[in-house]
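Peer 1: Sharing a model that was predicted from the sequence below.
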Amino acid sequence: MYIAILGRQPVIGVAELEQRFGHDAIRWFSDTSATITTDDVFDITTLGGTLKAGRVVAELPAGDWHKTSTKIVQEYLRIWANIEGKITLGISVYGFDTSAYDVQKTGIILKQKLKKSGVSLRLIPNPDLALSSATSHHNKLGLSDNKVELLVIRSRGGRIIIAESTGAQNITAYTRRDQQRPKRDAFVGMLPPKLAQIMINLATIPKTTATPRILDPFCGTGVVLQEAALMGYDVYGTDLSEKMIDYSTINLDWLKDTHHVTPKITLKTDDAMTGKWDAPISAVVCEGYLGQPFSAPPSPVKLDQVRKNCQHIMGSFLANISEQLESGTPLCIAIPAWRDASGRFTHLQLTQAVEKYGFKHVEFAGIEQSDLLYYREDQIVARELLVLTKI
């Protein structure tokens with residue numbers, strides 16, 4: 001069994017895990033973590049909504065940090081008594097009412113006791129209860145037997161899981177793919193590669209003998225296509241703007257040169273509301289039209305105007321593509337939702353009427369579809385993720 005430390009919006013991470021491993025395999029453990037029961041390899045590099053992952057090595061009944069700390073020291077004195085080479089250790093604690101000082105003290109005690117046995121340990125210092133995913137990644141924790149991060153998680157009910165990390169998100173790789181692409185355009189939106197990866201996983205592309213092909217009808221600078229290509233899919237992108245098709249072409253050429261991938265690529269200029277796409281289409285993943293950006297909540301009149309415009313464009317797109325997809329085709333589409341000063345969201349009307357267009361919502365076990373809102377605290381326009389299947 002594995003445990004995942006989820007990202008800034010945990011419900012999206014749980015939805016992604018459910019789609020990848022199946023509803024029955026996923027259980028919430030705490031507000032920021034979930035367990036995964038699987039025989040498959042848990043590859044964190046393919047999961048945008050998981051910050052860290054670990055293989056569960058112990059489950060303890062309810063207890064405080066003092067009891068848990070004592071257990072950790074006892075067990076790892078035994079486990080590492082005859083280990084060869086220097087150990088690098090990080091300890092990350094979640095859900096405990098304790099201090100970073102006490103967590104570090106656990107590591108120091110273990111280090112001192114191991115030293116008496118002739119075992120050398122380097123403890124990664126940390127002013128917080130948990131190491132950041134960047135620190136874990138840069139120290140290569142979880143990637144070899146001698147580089148260990150202990151993930152110690154306490155649930156609301158008091159149950160405790162101790163896991164050995166199998167890796168953290170590769171922040172460096174995400175940043176490179178985001179910022180070093182030759183062509184970027186803030187005006188058309190800056191879809192984070194991490195979110196594009198989540199959306200592809202939410203679409204749950206069916207396994208076939210042929211390489212599946214993912215369609216992005218609003219491809220922009222090609223972020224979805226880029227992430228899909230890295231995950232082994234062929235890619236098909238269209239956009240109303242010829243400039244965006246040129247940008248996607250340049251960015252995908254860069255990806256092939258720098259990441260040594262060889263997907264089949266189809267790009268063309270077309271209008272998502274009226275265009276025609278060639279088969280096969282294994283899945284549709286896209287960030288649709290989000291309307292204009294806002295730095296403050298718009299007036300009711302302005303919001304109504306923008307909402308109607310987005311509703312027209314995205315509704316026309318769904319009606320158009322529905323006629324061209326085979327039954328069972330999965331989709332994950334980002335559409336806009338607007339947050340007011342009180343934190344409430346205004347949604348597009350089509351979110352409650354997807355059957356009208358020939359689609360149905362995917363049902364999740366651990367969350368509601370309405371929970372799938374991706375945003376930062378300073379943003380007015382959120383991305384609402386619609387996870388659909390063609391009826």
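Peer 2: Arrived safely, thanks for sending. Since this is a predicted model, take the numbers as computed values, not measurements.

Peer 1: Tell me which residues touch Arg55, please.
Peer 2: 1-2, 42, 163-164, 166 (CB atoms under 8 Å, 6 or more residues apart in numbering). In this view, the C-beta of every residue, glycine as well, is placed from N, C-alpha and C.

Peer 1: Repeat the analysis, applying 10 Å as the threshold.
Peer 2: 1-3, 42, 142, 151, 163-166 (CB atoms under 10 Å, 6 or more residues apart in numbering).

Peer 1: First-to-last residue distance for stretch 71-90?
Peer 2: One end of stretch 71-90 sits 16 Å from the other (CA to CA, to the nearest Å).

Peer 1: isn't Thr329 right up against Ala283?
Peer 2: Yes: judged on CB atoms under 10 Å, Thr329 makes contact with Ala283 at a distance of 6.5 Å.

Peer 1: Show me the common contact partners of those two, please.
Peer 2: With CB under 10 Å, 6+ apart as the test, Thr329 and Ala283 both reach 203, 205-206, 215.

Peer 1: Run through the stretch 51-200 of the chain and note the low-pLDDT ranges.
Peer 2: Residue ranges of the stretch 51-200 of the chain with pLDDT under 70: 189.

Peer 1: What segments of it are strands?
Peer 2: 87-94, 121-123, 147-154, 160-168 (DSSP state E, counting those that start in this stretch).

Peer 1: Tell me who's in contact with the spatially closest residue to Gln169 that is not a sequence neighbour.
Peer 2: Once flanking residues are discounted, Gln169 sits nearest to Ser133: 4.9 Å by CB to CB, 6 or more residues apart in numbering. Taking CB under 10 Å, 6+ apart, we find Ser133 in contact with 5, 7, 44, 50-52, 92, 167-171.

Peer 1: now, among the residues you listed, which is nearest to Thr258?
Peer 2: The closest of the contacts of Ser133 to Thr258 turns out to be Asn170 (CB to CB; 14.6 Å).

Peer 1: Please report the number of neighbouring residues for that closest one.
Peer 2: 16 (other CB atoms under 10 Å).

Peer 1: and it, how far is that from His260?
Peer 2: According to CB to CB, to the nearest Å, Asn170 stands 16 Å off from His260.

Peer 1: Check Glu75 too.
Peer 2: 42 Å.

Peer 1: These two: which has the busier surroundings?
Peer 2: Neighbours were tallied for Glu75 and for His260 using other CB under 10 Å; the higher tally belongs to Glu75 (14 against 7).

Peer 1: list the contacts for the residue nearest to that one when sequence neighbours are not counted?
Peer 2: In space, Glu75 comes closest to Ala58 once its chain neighbours are excluded; the distance is 7.2 Å by CB to CB, 6+ apart. By CB under 10 Å, 6+ apart, the residues touching Ala58 are 68, 71-72, 75, 150, 152, 160-164.

Peer 1: Distance to Phe21 added to the residues you listed, as a markdown table?
Peer 2: Converted to a markdown table, the contacts of Ala58 look like this (distance: CB to CB, whole Å):
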| residue | distance to Phe21 |
| --- | --- |
| Thr68 | 28 |
| Lys71 | 29 |
| Ile72 | 28 |
| Glu75 | 28 |
| Leu150 | 23 |
| Val152 | 23 |
| Ile160 | 23 |
| Ile161 | 17 |
| Ile162 | 21 |
| Ala163 | 16 |
| Glu164 | 20 |
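
Peer 1: Filter those residues down to the buried ones and hand me the PyMOL line.
Peer 2: In PyMOL, this line selects whichever of these come out buried by 16 or more other CB atoms under 10 Å:
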select buried, resi 68+71+72+150+152+160+161+162+163+164
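
Peer 1: Closest to Glu227 out of the contacts of Ala58?
Peer 2: Ala163 (27.0 Å).

Peer 1: Is the closest residue to that closest one other than its chain neighbours bridged to anything, and to what?
Peer 2: Nearest residue to Ala163 in three dimensions, chain neighbours excluded: Gly54, at 3.1 Å (CB to CB, 6+ apart). Beta-bridge pairing for Gly54 (DSSP bridges): Ile3, Ser165.

Peer 1: Gly54 is in contact with Tyr2, isn't it?
Peer 2: Yes: counting by CB under 10 Å, Gly54 touches Tyr2, with 6.6 Å between them.

Peer 1: burial count for Gly343?
Peer 2: Neighbour tally, Gly343, other CB under 10 Å: 7.

Peer 1: Please apply the same query to Ile250.
Peer 2: 15.

Peer 1: same deal with the one 3 residues further on?
Peer 2: Other residues near Asp253 come to 12 when the count uses other CB under 10 Å.

Peer 1: Could I get the phi/psi values of it?
Peer 2: Asp253 adopts backbone torsions of phi -60, psi -40, taken as degrees, to the nearest 10.

Peer 1: cool, the one 10 residues further on as well?
Peer 2: Dihedral angles of Pro263 (phi, psi; degrees, to the nearest 10) stand at phi -70, psi 160.

Peer 1: Distance-wise, check it relative to Leu252.
Peer 2: Pro263 is 8 Å from Leu252, by CB to CB.

Peer 1: Mind listing the shared neighbours of the two?
Peer 2: 225-226, 229, 235.

Peer 1: biggest separation within those, which pair?
Peer 2: Using CB to CB, those span at most 8.3 Å, a distance reached by Gln226 and Val235.

Peer 1: Mind listing the shared neighbours of the two?
Peer 2: Counting by CB under 10 Å, 6+ apart, the residues touching both Gln226 and Val235 are 219, 248, 252, 263.

Peer 1: ok, and the most crowded of those?
Peer 2: Cys219 leads the shared contacts of Gln226 and Val235 on contacts (other CB under 10 Å) with 29 neighbours.
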